[in-house]
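Enquirer: mind looking at a prediction? Sequence and model below.
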Amino acid sequence: MPMRSMTYGLGVLVLLSACASQPEETEAAPPETAEPSLPEPAAAAPDKLAAKTAERAAEAPVVAPVIPPTPPPVITPVSDTFTPDPVLTLCPTLTVRNAPPSNADRTVAGYKPFVRVEDAVTLAAVPVRSACLTSGFGWRGMNFHKGIDLQSDPAQMVHAGAAGTVVEAGYRDDYGYHVVIDHGGGVYTRSAHLVSLEPGVDAGAALDFGAPLGVMGNTASFSIPIHLHYEVLIGDYNNPKASFGLTPRSVFDYPFVDG
Ligand SMILES: [Zn+2]
C-alpha cells in the first residue's frame, strides 16, 4: 500500500475516533450551554411561547430533552357506595342452568334490583355491578348448587347485599375466600370465591348495606372460572353445623322489589 494512502487512512481513523467521542461529550454538556438563551418578551402569547418552545426543542441537540411541565394528577374518588343494577342478563354464549324466567333479550323477567326475603330482609338480588348470570340455583346433574353464579369482566367488587353482621369470614378449600353475613330475621348470605377479603371483613364485624367484601375471584382448591357464588340461607345459625345447617334458597324465589 502506498504511503499516502496509509497516512490518509490513519487520518480518517483519527477523525473517526474524534467523531465517535463527540456525542458523549455533547450529552455531558449542561443543557443551558448547548444553546444560548434568547431574551423572550415577557408577555408572549401562550401559543407563540409554545411554538417557540417546540422550535427550541426541535433545534436542541439530542442531549437535553425538553421536559414539559407535569400536569397535576387526576384523582378519581373511590366510592364505596353501591347501587345494584336495575337489570340482570343471562350471560351470552352459554346455556345458563336453572335460569329464572327470562325475556327474548336474555334479561331476567320482572327483575328488580332487590328481593324481599322471608318478609324480613330487603336484599340486593345481585350484590355486584355489571355482572351476568352464569348459573342458577338447584340440581346440576348429581350436585345441588346452593346459590347462583355471577360473572363480570373485569371482575368487580362484591358488596354486602343488606346490612348485617359477619358470622364467617376466611378461606375454605371449597368456597375459597368467603363471607357469611347474618342479615337478621333468620336470613343469611354467603359470597364465595373472592380474590381476598377487604380489611375489616372479619367475624363479628357489623357491615352496612353495600359494604365492600372483596373482588370477585376464583379462589378454591380446584380450578374454576372467575365468578361470584352467592347464596341466600335461611334458618337459625345456632345449630351444630352453623352456616351448613341453614337452608339454601334461590334468590329468585323471592318477590322482586325496588328497594
Ligand atoms: Zn356457584
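Expert: Now that the structure is in, tell me what you want to look at.

Enquirer: residue 112 versus residue 254, what's the distance?
Expert: Using CB to CB, to the nearest Å, residue 254 is found at 11 Å from residue 112. Placement of C-beta: from N, CA and C, glycine included.

Enquirer: which one's more surrounded, those two?
Expert: residue 254 (20 against 17; other CB atoms under 10 Å).

Enquirer: buried stuff in stretch 240-248?
Expert: Buried positions in stretch 240-248, judged by neighbour count with 16 or more other CB atoms under 10 Å: 243, 246, 248.

Enquirer: ok, and what's touching it?
Expert: 137, 146-147, 167-168, 180, 188, 190, 231-237, 239 (CB atoms under 8 Å, 6 or more residues apart in numbering).

Enquirer: what residues does the stretch 1-150 of the chain have near the ion?
Expert: Within reach of the ion by CB under 5 Å from the ion, the stretch 1-150 of the chain has these residues: residue 149.

Enquirer: the helices in the stretch 1-150 of the chain, which residues?
Expert: For the stretch 1-150 of the chain, the helices defined by DSSP state H, counting those that start in this stretch cover 3-28, 31-34, 46-59.

Enquirer: count the neighbours of residue 117 for me.
Expert: With other CB under 10 Å as criterion, residue 117 counts 25.

Enquirer: just residue 153 next, same as before
Expert: By the measure other CB under 10 Å, the count of residues near residue 153 is 11.

Enquirer: quick check, residue 91 in contact with residue 135.
Expert: No: the pair residue 91 / residue 135 is not scored as a contact, 9.1 Å apart, by CB atoms under 8 Å.

Enquirer: related to what we said a few turns ago, what is the nearest of the contacts of stretch 240-248 to the ion?
Expert: Each of the contacts of stretch 240-248 was scored against the ion by CB to the ion, and residue 147 proved nearest at 5.0 Å.

Enquirer: for that closest one, give me its contacts.
Expert: For residue 147, the contact set (CB under 8 Å, 6+ apart) comprises 137, 190, 192, 229, 230, 231, 232, 248.

Enquirer: and the first one, how far from residue 211?
Expert: Going back to what we said before, that points to residue 137. 24 Å.

Enquirer: and those two? Which one has more around it.
Expert: Per other CB under 10 Å, whichever of residue 137 and residue 211 has more neighbours is residue 137, with 24 against 21.

Enquirer: for residue 207, list each beta-bridge partner.
Expert: residue 164 (DSSP bridges).

Enquirer: next, count neighbours for it.
Expert: Using other CB under 10 Å, the number of residues around residue 207 comes to 21.

Enquirer: so it makes contact with residue 161?
Expert: No: using CB under 8 Å, residue 207 makes no contact with residue 161, being 10.1 Å away.

Enquirer: what sits in contact with each of those two?
Expert: The contact lists of residue 207 and residue 161 share residue 181, where a contact means CB under 8 Å, 6+ apart.

Enquirer: whatever residue of the stretch 1-150 of the chain ends up closest to the ion - nearest residue in space that isn't next to it in sequence?
Expert: Nearest residue of the stretch 1-150 of the chain to the ion, counting by CB to the ion: residue 149, 4.1 Å away. Counting by CB to CB, 6 or more residues apart in numbering, the nearest residue to residue 149 once its immediate chain neighbours are dropped is residue 135, at 3.9 Å.

Enquirer: quick one: the one you found from residue 90, how far?
Expert: In terms of CB to CB, residue 135 sits 10 Å off from residue 90.

Enquirer: overlap in contacts, the two.
Expert: Between them, residue 135 and residue 90 share the contacting residues residue 96, judged by CB under 8 Å, 6+ apart.

Enquirer: which residues of the stretch 51-200 of the chain score low on pLDDT?
Expert: 51-65, 71-80 (pLDDT under 70).

Enquirer: just to revisit the earlier point, just the buried residues out of the contacts of stretch 240-248, in PyMOL syntax.
Expert: In PyMOL, this line selects whichever of these come out buried by 16+ other CB under 10 Å:
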select buried, resi 137+146+147+167+168+180+188+190+231+232+233+235+237
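
Enquirer: strands of the stretch 151-259 of the chain, start to end?
Expert: 157-159, 164-172, 176-182, 187-194, 206-207, 212-215, 228-234, 247-249, 256-257 (DSSP state E, counting those that start in this stretch).
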